[in-house]
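Novice: Starting from these lines, generate the structure:
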Amino acid sequence: MVNERAVRVERRLSAILAADVAGYSRLMHNDEEATHTKLTALLTDAVAPAIAEHGGRIVKNTGDGFLAEFPSAVEAVRAAIQFQNRIKELTSDDPEAKRIAFRAGINIGDVIVEPNDIFGDGVNVAARLEGIAEPGSICISSTAYDQVRGKVGIEFADLGEQNLKNIALPVRAYAPQLSQTPSTVSFLNIIGGFSFGLRPPRRMRRTRTGLIMAFLLLMMGGGLGYWYIRGDEPQLLNHRLSIVVLPFTNLSNEPEQEYFAEGVADDLSADLSRLEDSFVIAPSTARAYKNVDPKRIRRELGVRYILDGSLRRTQSIVRINARLIDARTGAQIWSEGVDGEWSKSLQLQHVITGGLARRLDLELTNQESRDAEVARPNNPDAVDLTMRGWAVLNRPYSRQQLAQSSGLFERALQIDPGYPKALVGLADTLAMEVNYRWSDAPADKLRRAESAVDQVLSQFPSDAMAHFVKGEVQRAKGRNLDTAVGEYMAAIAINPSLAPAHGALGAAKIRVGRSAEAFVSLQMAVQLSPRDPLLSTWYFYVCHAHSHLAQYDEAIEWCSRSIAVNPFWIAYADLAAANALAGHEREAHAAVAELRRLRPNYTVGLWLQDGSAWSDNVVFLAEFQRLAEGLRKAGLPER
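Specialist: Sure thing, here's the model as predicted:
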């Protein structure tokens, strides 16, 4: 009897939106044809565009509703708000007895993926939440609420623990407070200086101009968050990384490129909204501000940063230029140009937006860190210190750099012990210290790192960076590395543009004895962020994968590239071993000399000790032994 190999089930973490028509049976009983025609029109004119605009996909239609999947809860909620508002507009003149109203439920969960369906408890919870939502409104789970809180421009009321049909445990649910959305928020609330129960700051001033602006902006449908009026300018509360992505300018005057330019801007808005503490103006509002003076944008939208750019195609090459502007001064902070083949425009759009999002994350963090040092050099708060910690952590790794960043995160946590971004940053630094053998107490550091990141994931299970750092902690342990692989894949499922997660996934594949699989992930990391602070590290892992596969010429090439970007001790070890095993004796001795200069007491014994700490995989360890023989040939002392 032949044992068939089990088919691998594809799973991923998704934001799930389930929706149906309230009272559908009654509507169909009264007038089947009119109800079907109207429902089809609403799905086409209101639902499908909103879901597509926010990066989702309709998995399947269910007769009176649909099931949709999104990469983030923020985009799922924004899409639901958008299509609910549009449906209300399109049905406002219909008699109440014939009016179609959708109910929507949103949840985050791990799903089983098939070509035309998704399955799992996460889907079931979304469907049950839809059943308790009010017609024309939405109901979200606590896991979704943790991700959208403060990012979608509305406040949610806590409905408490709900016992849902066929769901084993109670689910805490939330619904928009007073059934208000950004386009229907009461003008009286704005005149009062606050909306959704937010108390206004003491120094708030109410002015006619500012009030009218805020009201008009809300009516335009932008996700504008919490507002108060100071002078004539509306201000965003608690969002230092507030940004608007303006439509990119098509310099080629070809209609198909206009759509591509608009798609790049929309995708960037979606990617930037995944950054922690970010607040991104909705694309529908951003389009009204193309070619508008930055100071006016600051005055009317209250954002800190503006991103705009242009697209130009020459024959088969398309070039995207982007620039980041300080909305307060109108000064350009940063610019970037990306080239690609027009024939691969769909793939190019993903790489461009992912790479720019990563670069913007780094630039925004560095800018906020610099601003905090100038504004509050002697009295920084937890956010200031965390920004500084990440600005340091985003540099190429060194022992001193990691010690400096961990010190900043520690200070931030003394002020706010539960601040998620500081907890994730501290966990990352501790894991890296162990991974690169710069720690004298690795077990203690990993216990603290795991505790910190688990604290964040218990509250925010869809935090991509937290999943990535959890993977780094697992990789540093050197045991059960498939767990690390799973965490990296979870991070990528939530945020496909998270370049460090792709790079780390490649590194983990080497340690689980699957070096041939590492190249795709490492190539994606480099493609997404070709000038990343981690670039030398990714180049080294390409070298390391080739070394493990006994492809020594390729290993020499990639380790040389890594060293050219940033000389790093371990790259010289692989370079020495690969040269020796390829018969390049002089180059091998030269590499050992550099290795011993950077780590004077390094030996073959330490190399083998490092290998056994990095992984317990038998394939990896056998390959590591072969490289140890290369180091002996290169002249590295045994002890």
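Novice: ok, the closest residue to residue 108 other than its chain neighbours - how many residues close by?
Specialist: The shortest distance from residue 108 to any non-neighbouring residue, by Cβ to Cβ, 6 or more residues apart in numbering, is to residue 143 (4.4 Å). Bear in mind the C-beta positions are built from the backbone N, C-alpha and C, glycine included. Residues lying near residue 143 (other Cβ atoms under 10 Å) number 21.
Novice: Report the separation between residue 143 and residue 271.
Specialist: 21 Å (Cβ to Cβ, to the nearest Å).
Novice: Tell me how many other residues surround the closest residue to residue 529 other than its chain neighbours.
Specialist: Nearest residue to residue 529 in three dimensions, chain neighbours excluded: residue 499, at 4.1 Å (Cβ to Cβ, 6+ apart). Residue 499 sits with 26 neighbouring residues when counted by other Cβ under 10 Å.
Novice: Could you report the pLDDT at residue 499?
Specialist: Looking at residue 499, its pLDDT stands at 86.
Novice: what do you get for residue 384?
Specialist: At residue 384, pLDDT is 80.
Novice: got it, and the one 4 residues further on?
Specialist: Listed pLDDT for residue 388 reads 86.
Novice: ditto for residue 221
Specialist: pLDDT, read off for residue 221, is 36.
Novice: cool, and residue 453?
Specialist: 94.
Novice: Can you name the next helix or strand after the helix or strand containing it?
Specialist: Take DSSP states H and E as the rule and residue 453 turns out to sit in helix 442-459. Downstream of helix 442-459, the first helix or strand assigned by DSSP H and E is helix 464-477.
Novice: helices and strands of the chain: which one bottoms out on pLDDT?
Specialist: helix 187-191 (a mean of 29; mean pLDDT, DSSP states H and E).
Novice: and the angle from the helix holding residue 453 to helix 464-477?
Specialist: Inter-element angle recorded for helix 442-459 and helix 464-477: 150 degrees (by axes from the mean of the first three to the mean of the last three Cα atoms, to 10 degrees).
Novice: So what's the gap between helix 442-459 and the chain middle?
Specialist: With Cα atoms, centre = their mean, to the nearest Å as the basis, helix 442-459 stands 20 Å off its chain's centre.
Novice: again, but for stretch 632-639
Specialist: Relative to the chain's own centre, stretch 632-639 is displaced by 44 Å; criterion: Cα atoms, centre = their mean.
Novice: So what touches it?
Specialist: 573, 576-577, 579-581, 585, 588-589, 591-592, 595-596, 602-605, 607 (Cβ atoms under 8 Å, 6 or more residues apart in numbering).
Novice: try 10 Å
Specialist: Stretch 632-639 is contacted from outside by 572-573, 575-581, 583-585, 587-593, 595-596, 601-608, 628, 630-631, using Cβ atoms under 10 Å, 6 or more residues apart in numbering.
Novice: Of those residues, which count as buried by neighbour count?
Specialist: Among those, those classed as buried by 16 or more other Cβ atoms under 10 Å are 572-573, 575-581, 584, 587-592, 595-596, 602, 604, 606-608, 628, 630-631.
Novice: Who does residue 338 form a beta bridge with?
Specialist: Using DSSP bridges, the beta-bridge partners of residue 338 come out as residue 320.
Novice: Relative to residue 537, how far out is it?
Specialist: 22 Å.
Novice: same check, this time on residue 525
Specialist: Distance from residue 525 to residue 537, by Cβ to Cβ: 9 Å.
Novice: any residues in contact with both of those two?
Specialist: With Cβ under 10 Å, 6+ apart, residue 525 and residue 537 have common neighbours 500, 503-504, 507.
Novice: Out of the residues you listed, name the ones that lie in helices.
Specialist: Of the shared contacts of residue 525 and residue 537, the ones assigned to helices by DSSP state H are 500, 503-504, 507.
Novice: pLDDT on stretch 139-152, on average?
Specialist: In the prediction, stretch 139-152 has an average pLDDT of 86.
Novice: for it, the distance to its chain's centre please.
Specialist: 16 Å.
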